[in-house]
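Asks: Structure, please.
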Amino acid sequence: MAAAPLLVFDFDGVLMDGMAEYWWSARHAALRLDAALILPELAPPGFSLLRPRIHKGWEMVLMAAELGRPGFDPVAAAADYDRVMPAALAARDWRPDQLQEALEVVRRTAIAEEPEAWLALHRFYPGVPDRLRALAAEGADWAVLTTKGGAFAARLLAAAGLSPWALYGHERGSKPDVLLQLRTEGRPLWFVEDRRPTLELVRATPGLEQVRCYLASWGYLAPGDGEGLDGDGLAAERIRWLTPTAFAAPLASWP
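Replies: Next up, the predicted model:
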């Protein structure tokens, strides 16, 4: 009998919709660094537009600050993100570690002082907690691999009564590096993510060729991310399209 897979889930955009918290935390972190910024209380449309391009927490703070800059065009920034992001960082003379620390201070303070209000800024996607609990009946373990700080993801999972086999936050290294470590478990790895570039990086990493990669159709997808994943082309063979219906189905019937 084939070994049951170890399912590895990205957190934000796969298990959890935290868009309200992303803006709240990014806004407060940006204001810690530049109190002169004028940022709205509620996330502007441009933030949702940029979110699929954002990979790490510190980038979220930087983009929040940029949204407060007169003349900033989020549509143009999303289209040319890899150039715009480092240019904005240099223009403000900020460092990634400085931004990340500001973000984590905001979150740590919120959890310590107003934990219920902070938790209320998040919601699991419909059916996710029950589906994770049901994996045990199929003999499968599940882990979380996220660019969020591990302590914050652990707090959210615990509030829902969920206990993953393992949890890896950004402090544990890159996603390909963690997946390479998990390959030593000798079990099939299935990785569910909502950033197609991340999945393409995993597929291109030597040693991870056998990891089964899924793009969650309900996540923070950029326009065109799902193209070519329903057909019979190379992309469909390398990255599989996971819909909510497929996610809810038994593992044996996943694409």
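Asks: Tell me the pLDDT of the closest residue to Glu59 other than its chain neighbours.
Replies: In space, Glu59 comes closest to Met85 once its chain neighbours are excluded; the distance is 6.1 Å by C-beta to C-beta, 6 or more residues apart in numbering. Yep, even glycine has a C-beta here, placed from its N, CA and C like the rest. With respect to pLDDT, Met85 has a value of 96.
Asks: switch to numbering from 49
Replies: I'll keep to 49 as the first residue from here, and by that count the last item is Met133.
Asks: burial measure for Met133, as a count.
Replies: The local packing count at Met133 equals 19, with neighbours defined by other C-beta atoms under 10 Å.
Asks: same deal with Ala264?
Replies: By other C-beta under 10 Å, the residues close to Ala264 number 23.
Asks: got a pLDDT number for it?
Replies: The pLDDT attached to Ala264 in the predicted structure is 96.
Asks: so it touches Val240, yeah?
Replies: Yes. At 5.7 Å, Ala264 and Val240 qualify as touching, with contact defined as C-beta atoms under 8 Å.
Asks: Need the residues touching each of these two.
Replies: Asp58, Val62, Leu290, Phe295 (C-beta atoms under 8 Å, 6 or more residues apart in numbering).
Asks: The residue nearest to Glu107: which element?
Replies: Following DSSP states H and E, the helix or strand that holds Met133 is helix 129-140.
Asks: Would you state the helices of this protein in chain order?
Replies: With DSSP state H as the criterion, the chain has helices at 67-81, 93-98, 105-115, 122-127, 129-140, 144-161, 163-167, 176-182, 198-207, 223-231, 244-252, 282-286, 292-296.
Asks: what helices or strands is the fifth one leaning on?
Replies: Contacting helix 129-140 under the criterion 3 or more C-beta pairs under 8 Å, 6 or more residues apart in numbering; DSSP states H and E are the following elements: helix 105-115, helix 122-127.
Asks: of those helices, which approaches Arg235 most closely?
Replies: Put simply, out of the helices and strands packed on helix 129-140 the one that sits nearest Arg235 is helix 105-115, at 29.4 Å, with distance taken as C-beta to C-beta.
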